[in-house]
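Undergrad: Provide a 3D model corresponding to the input given below.
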Amino acid sequence: CLATLIIMLVGDTYTLINYVSFINYLCYGVTIIGLIVLRWKKPKIFRPIKVNLLIPVTYLAFWAFLLIFSLYSEPVVCGVGLIIILTGVPVFFLGVYWRNKPKCVNRLIESLTCWGQKLCFVVYPQCGGAEVE
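TA: Next up, the predicted model:
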(Lines give C-alpha, C1' and ligand atoms only; values in the text may rest on other atoms or scores of the structure.)
Protein backbone atom coordinates (compact mmCIF):
# COMPACT_ATOMS: atom_id res chain seq x y z
CA CYS A 1 0.00 0.00 0.00
CA LEU A 2 2.81 2.39 0.83
CA ALA A 3 4.50 1.77 -2.51
CA THR A 4 1.20 2.36 -4.30
CA LEU A 5 0.65 5.64 -2.47
CA ILE A 6 4.14 6.83 -3.37
CA ILE A 7 3.62 5.89 -7.02
CA MET A 8 0.26 7.68 -7.05
CA LEU A 9 1.89 10.84 -5.71
CA VAL A 10 4.82 10.70 -8.13
CA GLY A 11 3.36 9.14 -11.29
CA ASP A 12 0.12 9.13 -13.18
CA THR A 13 -2.81 6.75 -12.87
CA TYR A 14 -2.21 5.11 -16.27
CA THR A 15 1.22 3.91 -15.16
CA LEU A 16 -0.17 2.55 -11.90
CA ILE A 17 -2.84 0.62 -13.84
CA ASN A 18 -0.07 -0.91 -15.99
CA TYR A 19 1.86 -1.98 -12.88
CA VAL A 20 -1.22 -3.52 -11.29
CA SER A 21 -2.31 -5.30 -14.46
CA PHE A 22 1.11 -6.97 -14.77
CA ILE A 23 0.93 -8.02 -11.11
CA ASN A 24 -2.60 -9.39 -11.64
CA TYR A 25 -1.57 -11.44 -14.69
CA LEU A 26 1.39 -12.81 -12.76
CA CYS A 27 -0.76 -13.79 -9.76
CA TYR A 28 -3.44 -15.39 -11.94
CA GLY A 29 -0.85 -17.52 -13.71
CA VAL A 30 0.80 -18.61 -10.47
CA THR A 31 -2.64 -19.56 -9.11
CA ILE A 32 -3.39 -21.71 -12.16
CA ILE A 33 0.04 -23.34 -11.88
CA GLY A 34 -0.76 -24.12 -8.24
CA LEU A 35 -4.07 -25.66 -9.31
CA ILE A 36 -2.33 -27.93 -11.81
CA VAL A 37 0.36 -28.94 -9.30
CA LEU A 38 -2.26 -29.81 -6.69
CA ARG A 39 -4.26 -31.82 -9.22
CA TRP A 40 -1.09 -33.76 -10.06
CA LYS A 41 0.35 -34.23 -6.54
CA LYS A 42 -2.90 -34.62 -4.56
CA PRO A 43 -5.54 -35.99 -6.92
CA LYS A 44 -7.79 -37.33 -4.13
CA ILE A 45 -8.46 -33.97 -2.42
CA PHE A 46 -12.13 -32.95 -2.38
CA ARG A 47 -12.85 -30.29 -4.98
CA PRO A 48 -16.32 -28.73 -5.21
CA ILE A 49 -15.63 -27.78 -8.83
CA LYS A 50 -13.43 -29.92 -11.03
CA VAL A 51 -12.68 -29.03 -14.63
CA ASN A 52 -10.79 -30.80 -17.36
CA LEU A 53 -7.06 -30.00 -17.17
CA LEU A 54 -7.14 -28.86 -20.78
CA ILE A 55 -8.79 -25.58 -19.68
CA PRO A 56 -6.08 -24.46 -17.20
CA VAL A 57 -3.30 -25.64 -19.52
CA THR A 58 -4.79 -23.62 -22.39
CA TYR A 59 -5.14 -20.64 -20.08
CA LEU A 60 -1.47 -20.99 -19.10
CA ALA A 61 -0.42 -20.97 -22.74
CA PHE A 62 -2.21 -17.66 -23.33
CA TRP A 63 -0.96 -16.36 -19.97
CA ALA A 64 2.64 -17.14 -20.88
CA PHE A 65 2.21 -15.35 -24.22
CA LEU A 66 0.76 -12.24 -22.54
CA LEU A 67 3.41 -12.21 -19.83
CA ILE A 68 6.31 -12.65 -22.26
CA PHE A 69 4.85 -10.00 -24.56
CA SER A 70 4.48 -7.62 -21.59
CA LEU A 71 8.06 -8.26 -20.49
CA TYR A 72 9.28 -7.64 -24.04
CA SER A 73 7.21 -4.54 -24.78
CA GLU A 74 7.39 -2.80 -21.38
CA PRO A 75 10.27 -4.17 -19.31
CA VAL A 76 10.42 -1.14 -16.99
CA VAL A 77 6.75 -1.41 -16.06
CA CYS A 78 7.14 -5.15 -15.44
CA GLY A 79 10.27 -4.53 -13.36
CA VAL A 80 8.49 -1.96 -11.21
CA GLY A 81 5.57 -4.38 -10.83
CA LEU A 82 7.95 -7.06 -9.59
CA ILE A 83 9.51 -4.56 -7.17
CA ILE A 84 6.04 -3.73 -5.86
CA ILE A 85 5.42 -7.44 -5.27
CA LEU A 86 8.79 -7.84 -3.53
CA THR A 87 7.94 -5.06 -1.05
CA GLY A 88 5.68 -7.63 0.59
CA VAL A 89 8.59 -9.96 1.42
CA PRO A 90 9.71 -8.04 4.54
CA VAL A 91 6.10 -7.85 5.68
CA PHE A 92 5.83 -11.63 5.31
CA PHE A 93 8.98 -12.23 7.32
CA LEU A 94 7.97 -9.79 10.06
CA GLY A 95 4.35 -10.88 10.30
CA VAL A 96 4.24 -14.58 9.39
CA TYR A 97 7.67 -16.23 9.35
CA TRP A 98 9.01 -14.70 12.60
CA ARG A 99 7.25 -16.88 15.18
CA ASN A 100 8.84 -15.83 18.51
CA LYS A 101 8.14 -12.10 18.37
CA PRO A 102 8.39 -10.00 21.53
CA LYS A 103 5.05 -9.15 23.13
CA CYS A 104 5.41 -5.48 22.22
CA VAL A 105 5.62 -6.39 18.52
CA ASN A 106 2.57 -8.66 18.82
CA ARG A 107 0.61 -5.86 20.56
CA LEU A 108 1.65 -3.40 17.82
CA ILE A 109 0.55 -5.77 15.06
CA GLU A 110 -2.74 -6.47 16.86
CA SER A 111 -3.49 -2.78 17.33
CA LEU A 112 -2.63 -2.01 13.67
CA THR A 113 -4.89 -4.86 12.56
CA CYS A 114 -7.74 -3.61 14.74
CA TRP A 115 -7.26 -0.04 13.51
CA GLY A 116 -7.26 -1.21 9.89
CA GLN A 117 -10.42 -3.24 10.42
CA LYS A 118 -12.20 -0.27 11.96
CA LEU A 119 -10.98 2.08 9.24
CA CYS A 120 -12.08 -0.14 6.38
CA PHE A 121 -15.19 -1.62 8.02
CA VAL A 122 -14.06 -5.10 6.96
CA VAL A 123 -14.49 -7.18 10.13
CA TYR A 124 -16.27 -6.54 13.38
CA PRO A 125 -13.43 -5.33 15.64
CA GLN A 126 -12.65 -7.63 18.53
CA CYS A 127 -9.79 -5.58 19.95
CA GLY A 128 -9.09 -5.46 23.65
CA GLY A 129 -11.17 -8.50 24.57
CA ALA A 130 -14.83 -9.31 24.16
CA GLU A 131 -17.31 -6.45 24.22
CA VAL A 132 -20.37 -6.60 26.43
CA GLU A 133 -23.69 -5.80 24.77
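Undergrad: Where does the prediction get shaky in this protein?
TA: For the chain, applying pLDDT under 70 flags the ranges 3-4, 7-8, 10-11, 124-133.
Undergrad: after the longest helix seen in the chain comes which helix or strand?
TA: Counting residues, the longest helix in the chain under DSSP state H turns out to be helix 13-41. Using DSSP states H and E, the helix or strand that directly follows helix 13-41 along the chain is helix 54-73.
Undergrad: Measure how that next one sits relative to helix 13-41, angle-wise.
TA: When axes from the mean of the first three to the mean of the last three CA atoms, to 10 degrees is applied, the directions of helix 54-73 and helix 13-41 differ by 140 degrees.
Undergrad: Please name every helix or strand in contact with helix 54-73.
TA: Helix 54-73 sits against helix 13-41, helix 75-86, with contacts defined as 3 or more CB pairs under 8 Å, 6 or more residues apart in numbering; DSSP states H and E. Any C-beta I mention is one placed from the backbone N, CA and C, and that applies to glycine too.
Undergrad: This completes my enquiry, with thanks.
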